[in-house]
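Asks: I would like to see how this sequence folds:
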Amino acid sequence: MTELSPPGLTASEYRCGYIAIVGRPNVGKSTLMNALIGAKVSITSRKAQTTRHRITGIQTKDQTQFVYVDTPGFQTKHANALNRTLNRTVTTTLTAVDVVLYVVEAGMFSEADIAVIELLPKNIPCILVINKSDHIKDKAVLMPFAAQVSARFNFAAIVPVSARQGFQLDSLENEVRKYLPLNEPMFADDDITDKSEKFLAAEIVREKVFRFVGDEIPYTTTVLVEKFEQEGNLRRIFIAILVNRDGHKAMLIGKKGERLKEISTQSRIDMEKLFGGPVYLEIWVKIKSGWADNEAGLRAYGYE
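Replies: Okay, the predicted model is just below:
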């Protein structure tokens with residue numbers, strides 16, 4: 001195996017590069033990126049495959065700009081149009097980054113994890129990130145678990161972390177920094193993502209849809225921002241949730257509109273935290289049948 005060595009850069013030199021975060025669904029990739037940058041720019045949910053786009057999170061500190069790219073969980077179970085599109089996002093991202101974080105869940109290593117390992121590039125430093133390590137009471141089992149996973153690939157480093165508790169995130173950043181190229185920063189110091197506020201607003205609502213409705217609502221549910229206006233510090237946002245059937249519409253609205261009200265309230269709270277100002281939010285649920293019947297339909301809605 002070819003050993004990947006850190007570039008010979010001194011601590012005073014500025015480093016900047018792209019870091020892909022990859023893994024099977026539900027290993028905590030989005031939670032990890034949000035924790036690393038200190039802000040919620042990638043949505044999280046217990047429902048697998050919530051992330052549909054390449055989401056970029058930016059962290060600038062200590063002469064380093066980390067540009068993290070959160071990817072959809074690589075799907076091996078269902079070969080439908082959505083999953084083919086999401087998997088293509090993962091494989092494309094892996095060809096255009098400087099470092100890869102391969103994320104697994106502590107104590108769990110399945111065929112789905114192995115499928116992602118087989119995608120890892122041999123010519124780019126890949127760091128094994130063992131997430132949810134706080135769930136393992138006997139820490140002695142982490143070492144043989146790490147050995148089991150690392151036997152399948154020549155990882156540049158192995159770092160157990162807990163994204164939710166912030167455990168070992170500094171150590172992970174230090175390992176990543178070793179492999180970033182000598183570059184000037186690509187974004188402003190206070191940037192946390194390259195996505196627009198309009199995009200982030202839609203993603204926040206989509207997260208709440210999956211959180212409050214869960215498995216009752218299919219992946220073909222999507223969220224569109226119909227109007228986004230800013231008056232001083234106030235943002236007025238008008239959003240449509242698109243579903244395929246009347247039954248799904250009823251689920252989202254809930255009895256006397258209570259479920260939609262909760263989705264709206266929690267979405268507004270998250271938007272105000274992220275945008276740093278008041279938000280006026282209106283959400284409607286609309287029928288839009290057949291929008292995701294094929295890959296062309298997916299591309300029309302931004303899933304490239």
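Asks: Tell me the residue in this structure that is farthest from the middle.
Replies: K256 (33.3 Å; CA atoms, centre = their mean).
Asks: What's the separation between that one and A250?
Replies: 12 Å (CB to CB, to the nearest Å). Every C-beta, even on glycine, is put in place using the N, C-alpha and C of the backbone.
Asks: for D270, same thing?
Replies: Distance from D270 to A250, by CB to CB: 25 Å.
Asks: now do N34
Replies: Distance from N34 to A250, by CB to CB: 32 Å.
Asks: out of the two, which sits in the more crowded spot?
Replies: Set N34 next to A250 and count neighbours by other CB atoms under 10 Å: N34 wins out with 23 against 13.
Asks: out of everything not next to it in sequence, what's closest to the more buried one?
Replies: Ranked by CB to CB, 6 or more residues apart in numbering and with sequence neighbours excluded, the top spatial neighbour of N34 is K40, at 4.9 Å.
Asks: My guess is the one you found contacts L274. True?
Replies: Yes - the pair K40 / L274 is scored as a contact, 6.3 Å apart, by CB atoms under 8 Å.
Asks: more neighbours, those two?
Replies: Between K40 and L274, counted using other CB under 10 Å, the more crowded position is K40 (21 against 18).
Asks: My impression was that the residue farthest from the centre of the chain belongs to a strand - is that right?
Replies: No - counting by DSSP: H, G, I helix; E, B strand; the rest coil, K256 is not part of a strand but helix.
Asks: Q59 versus that one, what's the distance?
Replies: When K256 is compared with Q59 (using CB to CB), they lie 43 Å apart.
Asks: now do C16
Replies: Distance from C16 to Q59, by CB to CB: 11 Å.
Asks: Check the contact lists of those two and give me the overlap.
Replies: Q65 (CB atoms under 8 Å, 6 or more residues apart in numbering).
Asks: For the stretch 51-200 of the chain, give me the ranges with low pLDDT.
Replies: In the predicted model of the stretch 51-200 of the chain, residues 51-54, 72-93, 95 satisfy pLDDT under 70.
Asks: For it, just list every one of the helices.
Replies: Listed from the start of the chain, the stretch 51-200 of the chain has helices (DSSP state H, counting those that start in this stretch) covering 81-94, 111-117, 142-150, 169-179, 197-213.
Asks: name the helices or strands packed onto the third one?
Replies: Using 3 or more CB pairs under 8 Å, 6 or more residues apart in numbering; DSSP states H and E as the contact definition, the elements that helix 142-150 packs against are strand 126-131, strand 157-160.
Asks: How far off centre is that helix?
Replies: 25 Å (CA atoms, centre = their mean, to the nearest Å).
Asks: Pull out the buried positions in that helix.
Replies: Of the residues in helix 142-150, 142, 145-146, 149 count as buried by neighbour count, 16 or more other CB atoms under 10 Å.
Asks: Number of residues surrounding R211?
Replies: For R211, using other CB under 10 Å, the count is 17.
Asks: nearest residue to the residue nearest the centre of the chain other than its sequence neighbours?
Replies: Nearest to the geometric centre of the chain sits S30, at 3.4 Å (CA atoms, centre = their mean). Leaving aside its sequence neighbours, S30 sits nearest to S42 (CB to CB, 6+ apart; 4.0 Å).
Asks: Surely that neighbour is in contact with T56?
Replies: No - using CB under 8 Å, S42 makes no contact with T56, being 9.0 Å away.
Asks: ok, the two, which is more surrounded?
Replies: Per other CB under 10 Å, whichever of S42 and T56 has more neighbours is S42, with 29 against 20.
Asks: Quickly list the domain ranges of the protein.
Replies: 15-179, 197-300 (automatic domain parsing).
Asks: Tell me which of the ones you listed is the most buried.
Replies: Comparing the domains of the chain by mean neighbour count (mean count of other CB atoms under 10 Å), domain 15-179 comes out on top with a mean of 19.
Asks: mind checking the end-to-end distance for stretch 177-192?
Replies: Distance between the two ends of stretch 177-192: 18 Å, counting by CA to CA, to the nearest Å.
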